[in-house]
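Undergrad: Coordinates only, no sequence provided:
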């Protein structure tokens, strides 16, 4: 009986410790109800917590701590035992947070040259149609809030973008603490991977660098717009593994093909995020990859590029 | 004297020594594939794939007491249910295919064989490091082969490290096993590759019932092992 009670206490104490440290490049998917879908021409955009391009280094997400031996004092009784386990858990959790933070810091140091080169690039200068950008005071029911975070690989040869987009819950009867969003999702789009070890993003001109940010940004916005207007129709097919070529090892994207054109495969992953995988071969330059615009995204149909 | 060496104590000491001596043996290290040996003319090479016996589950390490293990199991029970119900050992067949394709690239055609006696039931072989622990030589005439390639995938699913009651990190995608080639004349390894791939899930992991991060990490692990196997050949 004593052991069962102790197990229950320990489990409830540990349930908090089993969570993953908070990250802002992450979004819990909230499906927009079909009746709430937006009209493409009515959509406006508001930059949330972001005015300039935010660039980060790609970092290792492994925050696991190595095991260290710890001895609990058995004479402290049940309460004492729980206090000790709680203190131990807090120590491990703090260590995990610190490890993740250190890895992110180191990753940013690795791309310092690119960070310096990018400087303070306003997001408003990147968007193709700046007439849809509105200030917070003018936002409405059709205003998508977006927070883009750009990433560079350590080699500084490839950019990617994680764009979190959401629509606040405007239902007056809704419990906003429980359901703050009508819609929330993330698009993760990758630029083409150049061949070789050159730091391509340092070698190209400032205009070309801006163009590569612009391309990812506008394509991601186009994908979000397609999502909130209900353009993606997915089948009930089983999830598949899609391969994204990376510097050292291929990354698996597990999900269903939502759309594709000659430049991108857009996969809806198990988390319902849209992952845009470039089809461009290693030799393709950034300039060779065209933006996806509102009309370009076709339902999954590989024959589109063959014609 | 009598108190020190009572027969029962002596027996326990002897048994413990015998038991611990097994832990003292040096584990087999990596042996790169000797390509010219497998590519030699008229060499007949068989291939055995051993799938995991158990369903995909969370493999717990570091929970050092019975109660700790109970707590650890309870913390991962819903993930276990998900893995057991959605992940089939058939997912691992791409790794088997990668071995066959890798040898094919070397212009070596593997002959798939079924062993009537499991490898674990073969007699022990008393050799040094670099030789198989079981005596594979008996298979030479039985199967009419010169070498045998064995891909044995022992564990798959997730891996979670604990420090007694406390998880050290998130459950990771996990595949473990070995790929080895044995010369059936000498019982020596022509290749030995230990496989233990762990993949950190991206973002929050504890999302029942679908566990998208850990599931993706598992498929990433399959891809990593496939790539590891291909590179080793």
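TA: It's in. What you see is a predicted model, and the numbers here were worked out from it, not measured in a lab.

Undergrad: all strands of the stretch 201-307 of chain A, in order?
TA: Under the criterion DSSP state E, counting those that start in this stretch, strands of the stretch 201-307 of chain A are mapped to A:240-244, A:251-260, A:264-269, A:274-278.

Undergrad: cool, and chain B?
TA: In chain B, the segments counted as strands under DSSP state E are B:45-50, B:57-61, B:111-112, B:147-163, B:166-167, B:172-183, B:189-199.

Undergrad: For the spatially closest residue to residue A:47 that is not a sequence neighbour, report the pLDDT, please.
TA: Once flanking residues are discounted, residue A:47 sits nearest to residue A:123: 5.4 Å by C-beta to C-beta, 6 or more residues apart in numbering or on different chains. Quick note: C-beta positions are derived from backbone N, CA and C, even for glycine. Residue A:123 is assigned 94 on the pLDDT scale.

Undergrad: ok, residue A:123 - contacts?
TA: For residue A:123, the contact set (C-beta atoms under 8 Å, 6 or more residues apart in numbering or on different chains) comprises A:47, A:50, A:51, A:52, A:53, A:148, A:217.

Undergrad: Identify the residues contacting the residue lying closest to the fifth one once chain neighbours are set aside.
TA: In other words, residue A:53. Closest residue to residue A:53 apart from its sequence neighbours, by C-beta to C-beta, 6+ apart: residue A:121 at 4.2 Å. Shown in contact with residue A:121 (C-beta under 8 Å, 6+ apart): A:52, A:53, A:210, A:213.

Undergrad: Buried subset of the contacts of residue A:123, written for ChimeraX?
TA: Restricted to buried positions by 16 or more other C-beta atoms under 10 Å in any protein chain shown, the ChimeraX selection for the contacts of residue A:123 reads:
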select /A:47,53,148,217
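
Undergrad: from the contacts of residue A:123, which is closest to chain B?
TA: Nearest to chain B among the contacts of residue A:123 is residue A:148, at 17.3 Å by C-beta to the nearest C-beta.

Undergrad: distance of residue A:153 from chain B?
TA: Distance, residue A:153 to chain B, using C-beta to the nearest C-beta, to the nearest Å: 16 Å.

Undergrad: ok, back up a step: can you add mean pLDDT, mean neighbour count and distance to chain B and give the strands of the stretch 201-307 of chain A back as a markdown table?
TA: Formatted as a markdown table, those follow (pLDDT from 0 to 100; neighbours: other C-beta atoms under 10 Å in any protein chain shown; distance: least, C-beta to the nearest C-beta, whole Å):
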| stretch | mean pLDDT | mean neighbour count | distance to chain B |
| --- | --- | --- | --- |
| strand A:240-244 | 94 | 16 | 5 |
| strand A:251-260 | 94 | 22 | 4 |
| strand A:264-269 | 95 | 23 | 7 |
| strand A:274-278 | 96 | 23 | 10 |
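
Undergrad: Which residue, other than its chain neighbours, is closest to the residue nearest in space to the middle of chain B?
TA: Geometric centre of chain B, nearest residue: residue B:177, 1.9 Å, by C-alpha atoms, centre = their mean. Excluding its sequence neighbours, the residue lying closest to residue B:177 (C-beta to C-beta, 6+ apart) is residue B:153, at 3.8 Å.

Undergrad: Show the pLDDT at the one you found.
TA: Per-residue pLDDT puts residue B:153 at 98.

Undergrad: again with the one 4 residues further on
TA: According to the model's per-residue confidence, residue B:157 sits at a pLDDT of 97.

Undergrad: mind listing what it touches?
TA: Per C-beta under 8 Å, 6+ apart, neighbours of residue B:157: B:55, B:56, B:57, B:58, B:59, B:80, B:83, B:87, B:174, B:218.

Undergrad: how about 10 Å then?
TA: Taking C-beta atoms under 10 Å, 6 or more residues apart in numbering or on different chains, we find residue B:157 in contact with B:52, B:54-59, B:76, B:79-80, B:82-84, B:87, B:171, B:173-176, B:214, B:218, B:221.

Undergrad: Now restrict these to buried residues only.
TA: Among the contacts of residue B:157, the ones that count as buried by 16+ other C-beta under 10 Å are B:52, B:56-59, B:76, B:79-80, B:82-83, B:87, B:171, B:173-176, B:214, B:218, B:221.

Undergrad: Of the residues you listed, which ones also sit close to chain A?
TA: B:76, B:171, B:173, B:214, B:218, B:221 (C-beta under 10 Å from any C-beta of the partner chain).

Undergrad: Quick check: the fourth one vs residue B:111, distance?
TA: Put plainly, it is residue B:214. Applying C-beta to C-beta, to the nearest Å, the value for residue B:214 to residue B:111 is 37 Å.

Undergrad: Could you find the closest non-adjacent residue to whatever residue of the stretch 51-200 of chain A ends up closest to chain B?
TA: Residue nearest to chain B within the stretch 51-200 of chain A: residue A:64 (2.6 Å; C-beta to the nearest C-beta). Leaving aside its chain neighbours, residue A:64 sits nearest to residue B:169 (2.6 Å; criterion: C-beta to C-beta, 6+ apart).
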